[in-house]
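Participant: structure, please.
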Amino acid sequence: MRKLVTGLFVGVVALGVSASAYAECTCKAIDASGTGWCADCKHGKVFFVEIGSEGLFKALQGTKMKAEDIKCPGCKTAFEKNGSCDKCHVTFCDGTCYKSFVSAAMAPGKATDPATIKCPACKSAAEGKSEGSYCEPCKGGFVGRYMFAAKDAYEAAKKAMTVLATATKTKCETCATAMVTNGTCEHCKVTYKNGEKVNKS
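Facilitator: The predicted structure follows:
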(Lines give C-alpha, C1' and ligand atoms only; values in the text may rest on other atoms or scores of the structure.)
Protein backbone atom coordinates (compact mmCIF):
# COMPACT_ATOMS: atom_id res chain seq x y z
CA MET A 1 0.00 0.00 0.00
CA ARG A 2 2.83 2.39 0.88
CA LYS A 3 4.47 1.75 -2.49
CA LEU A 4 1.16 2.40 -4.24
CA VAL A 5 0.66 5.74 -2.46
CA THR A 6 4.26 6.74 -3.18
CA GLY A 7 3.82 5.83 -6.82
CA LEU A 8 0.64 7.89 -7.07
CA PHE A 9 2.37 10.88 -5.45
CA VAL A 10 5.32 10.69 -7.85
CA GLY A 11 2.90 10.41 -10.75
CA VAL A 12 0.96 13.50 -9.66
CA VAL A 13 4.19 15.49 -9.22
CA ALA A 14 5.39 14.37 -12.64
CA LEU A 15 2.12 15.47 -14.19
CA GLY A 16 2.45 18.86 -12.50
CA VAL A 17 5.98 19.34 -13.78
CA SER A 18 4.92 18.27 -17.25
CA ALA A 19 2.00 20.71 -17.32
CA SER A 20 4.23 23.54 -16.16
CA ALA A 21 6.98 22.68 -18.61
CA TYR A 22 4.58 22.75 -21.53
CA ALA A 23 2.48 25.75 -20.47
CA GLU A 24 1.28 27.63 -23.51
CA CYS A 25 3.18 30.81 -24.33
CA THR A 26 0.82 33.78 -24.68
CA CYS A 27 3.40 36.24 -26.02
CA LYS A 28 1.89 36.33 -29.52
CA ALA A 29 -1.50 37.45 -28.19
CA ILE A 30 0.19 39.93 -25.84
CA ASP A 31 2.21 41.43 -28.70
CA ALA A 32 -1.01 41.96 -30.64
CA SER A 33 -3.01 43.51 -27.78
CA GLY A 34 -0.14 45.37 -26.13
CA THR A 35 -1.18 44.22 -22.65
CA GLY A 36 -0.75 40.98 -20.74
CA TRP A 37 1.63 38.76 -18.80
CA CYS A 38 3.08 35.50 -20.11
CA ALA A 39 3.45 33.18 -17.12
CA ASP A 40 5.54 30.81 -19.22
CA CYS A 41 8.10 33.38 -20.41
CA LYS A 42 7.92 35.54 -17.26
CA HIS A 43 7.49 38.85 -19.04
CA GLY A 44 4.72 40.93 -20.53
CA LYS A 45 3.56 44.26 -21.86
CA VAL A 46 1.47 47.19 -20.71
CA PHE A 47 0.53 49.89 -23.24
CA PHE A 48 2.86 48.05 -25.69
CA VAL A 49 5.81 48.65 -23.34
CA GLU A 50 7.96 45.63 -22.43
CA ILE A 51 7.65 44.71 -18.74
CA GLY A 52 10.10 42.26 -17.18
CA SER A 53 8.75 42.42 -13.62
CA GLU A 54 5.53 40.70 -12.62
CA GLY A 55 5.24 43.00 -9.61
CA LEU A 56 5.43 46.07 -11.84
CA PHE A 57 2.94 44.53 -14.27
CA LYS A 58 0.42 43.91 -11.49
CA ALA A 59 0.86 47.46 -10.17
CA LEU A 60 0.03 48.82 -13.61
CA GLN A 61 -2.98 46.60 -14.18
CA GLY A 62 -6.46 48.02 -13.79
CA THR A 63 -9.41 46.29 -12.14
CA LYS A 64 -12.82 46.33 -13.78
CA MET A 65 -15.41 47.46 -11.22
CA LYS A 66 -19.18 47.50 -10.84
CA ALA A 67 -20.89 50.49 -9.23
CA GLU A 68 -22.79 48.28 -6.77
CA ASP A 69 -19.54 46.78 -5.45
CA ILE A 70 -18.02 50.15 -4.51
CA LYS A 71 -18.52 51.14 -0.85
CA CYS A 72 -16.36 54.26 -0.54
CA PRO A 73 -18.37 57.47 -1.29
CA GLY A 74 -15.33 59.11 -2.87
CA CYS A 75 -14.76 56.10 -5.12
CA LYS A 76 -18.44 56.06 -6.10
CA THR A 77 -18.20 59.67 -7.29
CA ALA A 78 -14.90 58.98 -9.06
CA PHE A 79 -16.42 55.94 -10.76
CA GLU A 80 -19.32 57.99 -12.09
CA LYS A 81 -17.20 60.94 -13.26
CA ASN A 82 -13.98 59.20 -14.38
CA GLY A 83 -12.12 60.88 -11.55
CA SER A 84 -9.92 60.09 -8.56
CA CYS A 85 -10.56 59.26 -4.92
CA ASP A 86 -8.11 61.16 -2.70
CA LYS A 87 -8.83 58.87 0.25
CA CYS A 88 -8.16 55.59 -1.54
CA HIS A 89 -5.55 56.99 -3.97
CA VAL A 90 -7.16 55.39 -7.01
CA THR A 91 -8.43 56.70 -10.34
CA PHE A 92 -11.32 55.43 -12.43
CA CYS A 93 -11.61 55.45 -16.20
CA ASP A 94 -14.56 53.87 -18.01
CA GLY A 95 -15.34 51.54 -15.12
CA THR A 96 -11.77 50.42 -14.49
CA CYS A 97 -9.93 51.24 -11.25
CA TYR A 98 -6.23 52.10 -11.40
CA LYS A 99 -3.83 52.28 -8.48
CA SER A 100 -1.05 53.53 -10.73
CA PHE A 101 -1.09 57.16 -11.84
CA VAL A 102 0.82 56.04 -14.93
CA SER A 103 -1.98 53.70 -16.00
CA ALA A 104 -4.61 56.28 -15.10
CA ALA A 105 -2.92 58.82 -17.38
CA MET A 106 -2.66 56.34 -20.26
CA ALA A 107 -6.15 54.85 -19.90
CA PRO A 108 -8.06 57.60 -21.79
CA GLY A 109 -5.89 57.08 -24.87
CA LYS A 110 -7.25 55.28 -27.93
CA ALA A 111 -5.06 52.39 -29.09
CA THR A 112 -4.39 52.84 -32.80
CA ASP A 113 -2.68 50.64 -35.38
CA PRO A 114 0.11 52.77 -36.92
CA ALA A 115 -0.69 51.25 -40.32
CA THR A 116 -4.04 53.06 -40.31
CA ILE A 117 -2.56 56.52 -39.63
CA LYS A 118 -2.28 58.81 -42.67
CA CYS A 119 -0.58 61.82 -41.06
CA PRO A 120 3.24 61.31 -41.43
CA ALA A 121 4.05 63.07 -38.14
CA CYS A 122 1.47 61.12 -36.14
CA LYS A 123 2.43 57.85 -37.83
CA SER A 124 6.09 58.38 -36.96
CA ALA A 125 5.19 59.08 -33.32
CA ALA A 126 2.93 56.02 -33.09
CA GLU A 127 5.68 53.82 -34.55
CA GLY A 128 8.15 55.14 -31.99
CA LYS A 129 10.39 56.67 -34.65
CA SER A 130 10.00 60.17 -33.24
CA GLU A 131 8.98 61.71 -29.94
CA GLY A 132 6.03 63.42 -31.57
CA SER A 133 3.98 66.37 -30.40
CA TYR A 134 0.36 67.45 -30.31
CA CYS A 135 -0.83 67.61 -33.92
CA GLU A 136 -3.16 70.55 -34.51
CA PRO A 137 -4.39 69.37 -37.95
CA CYS A 138 -5.29 65.95 -36.48
CA LYS A 139 -6.57 67.42 -33.21
CA GLY A 140 -4.67 64.86 -31.20
CA GLY A 141 -1.29 63.62 -30.08
CA PHE A 142 0.25 60.15 -29.91
CA VAL A 143 2.04 58.70 -26.91
CA GLY A 144 3.24 55.36 -28.15
CA ARG A 145 0.31 53.82 -30.01
CA TYR A 146 -2.27 55.74 -28.02
CA MET A 147 -3.97 58.86 -29.35
CA PHE A 148 -5.15 61.60 -27.00
CA ALA A 149 -7.57 64.24 -28.24
CA ALA A 150 -7.26 66.61 -25.27
CA LYS A 151 -3.96 68.48 -24.94
CA ASP A 152 -3.83 68.18 -21.16
CA ALA A 153 -4.45 64.42 -21.35
CA TYR A 154 -1.72 64.14 -23.99
CA GLU A 155 0.81 66.01 -21.82
CA ALA A 156 -0.08 63.91 -18.77
CA ALA A 157 0.35 60.72 -20.79
CA LYS A 158 3.78 61.84 -22.06
CA LYS A 159 4.98 62.41 -18.51
CA ALA A 160 3.50 59.09 -17.39
CA MET A 161 5.25 57.19 -20.18
CA THR A 162 8.56 58.77 -19.19
CA VAL A 163 8.07 57.48 -15.63
CA LEU A 164 7.16 54.03 -16.95
CA ALA A 165 10.29 53.92 -19.10
CA THR A 166 12.40 54.66 -16.01
CA ALA A 167 10.53 52.10 -13.91
CA THR A 168 11.15 49.30 -16.42
CA LYS A 169 14.91 49.92 -16.12
CA THR A 170 14.93 50.03 -12.32
CA LYS A 171 16.69 47.02 -10.78
CA CYS A 172 14.68 47.03 -7.54
CA GLU A 173 11.20 45.65 -8.28
CA THR A 174 9.68 47.33 -5.22
CA CYS A 175 11.13 50.70 -6.25
CA ALA A 176 9.71 50.25 -9.74
CA THR A 177 6.29 49.53 -8.28
CA ALA A 178 6.50 52.49 -5.89
CA MET A 179 7.59 54.72 -8.76
CA VAL A 180 4.35 54.18 -10.70
CA THR A 181 2.04 54.25 -7.67
CA ASN A 182 3.44 57.17 -5.66
CA GLY A 183 4.46 54.67 -3.02
CA THR A 184 7.40 53.73 -0.80
CA CYS A 185 10.03 51.03 -1.22
CA GLU A 186 10.45 49.64 2.28
CA HIS A 187 13.60 47.80 1.21
CA CYS A 188 15.41 50.90 -0.09
CA LYS A 189 13.57 53.32 2.24
CA VAL A 190 12.65 55.57 -0.67
CA THR A 191 9.34 57.32 -1.33
CA TYR A 192 8.30 58.40 -4.81
CA LYS A 193 6.00 61.14 -6.06
CA ASN A 194 5.19 61.38 -9.77
CA GLY A 195 8.13 59.12 -10.49
CA GLU A 196 10.67 61.17 -8.53
CA LYS A 197 12.34 60.40 -5.20
CA VAL A 198 11.02 62.68 -2.48
CA ASN A 199 12.98 61.30 0.46
CA LYS A 200 15.48 58.68 1.49
CA SER A 201 16.08 57.66 5.07
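
Participant: please make it C-alpha for all contacts and neighbour counts, starting now.
Facilitator: OK.

Participant: and the strands in the protein?
Facilitator: Taking DSSP state E as the criterion, the chain carries its strands at 36-38, 43-46, 49-51, 62-64, 84-85, 90-93, 96-98, 110-111, 141-143, 146-148, 184-185, 190-193, 196-200.

Participant: partners of the third one in the sheet?
Facilitator: Strand 49-51 has these partner strands in its sheet, going by DSSP bridges: strand 43-46 (antiparallel).

Participant: low-scoring stretches of the protein, by residue?
Facilitator: Along the chain, the parts satisfying pLDDT under 70 run over 1-23, 200-201.

Participant: among the strands of the chain, show me which one is buried the most.
Facilitator: strand 141-143 (a mean of 29; mean count of other C-alpha atoms under 10 Å).

Participant: and the helices in this structure?
Facilitator: In the chain, the helices defined using DSSP state H lie at 2-21, 27-33, 54-60, 73-81, 101-106, 120-126, 151-169, 173-181.

Participant: need the ones you listed in CSV with distance to His43 and mean neighbour count, can you?
Facilitator: Shown next, in CSV, are the helices of the chain (distance: least, C-alpha to C-alpha, whole Å; neighbours: other C-alpha atoms under 10 Å):
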stretch, distance to His43, mean neighbour count
helix 2-21, 16, 11
helix 27-33, 9, 14
helix 54-60, 7, 19
helix 73-81, 31, 17
helix 101-106, 18, 25
helix 120-126, 23, 20
helix 151-169, 11, 18
helix 173-181, 13, 25
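
Participant: ok, which of these comes nearest Asn199?
Facilitator: Among the helices of the chain, the nearest to Asn199 by C-alpha to C-alpha is helix 173-181 (12.5 Å).

Participant: which other residues reach stretch 71-84?
Facilitator: Ala67, Ile70, Cys85, Asp86, Lys87, Cys88, Val90, Thr91, Phe92, Cys93, Asp94, Gly95 (C-alpha atoms under 8 Å, 6 or more residues apart in numbering).

Participant: doesn't Met179 make contact with Glu196?
Facilitator: Yes: judged on C-alpha atoms under 8 Å, Glu196 makes contact with Met179 at a distance of 7.2 Å.

Participant: residue closest to the middle of the protein?
Facilitator: Nearest residue to the geometric centre of the chain (C-alpha atoms, centre = their mean): Leu60, 3.3 Å.

Participant: so what's it up against?
Facilitator: Residues in contact with Leu60 (C-alpha under 8 Å, 6+ apart) are Val46, Tyr98, Lys99, Ser100, Val102, Ser103, Val180.

Participant: apart from its neighbours in sequence, what residue is nearest the first one?
Facilitator: Put plainly, it is Val46. Nearest in space to Val46, with sequence neighbours left out and distances taken as C-alpha to C-alpha, 6 or more residues apart in numbering, is Thr35 at 4.4 Å.

Participant: do I have it right that that neighbour meets Ile51?
Facilitator: No: if you go by C-alpha under 8 Å, Thr35 and Ile51 don't touch, sitting 9.7 Å apart.

Participant: identify the contacts common to the two.
Facilitator: In contact with both Thr35 and Ile51: Gly44, Lys45, using C-alpha under 8 Å, 6+ apart.
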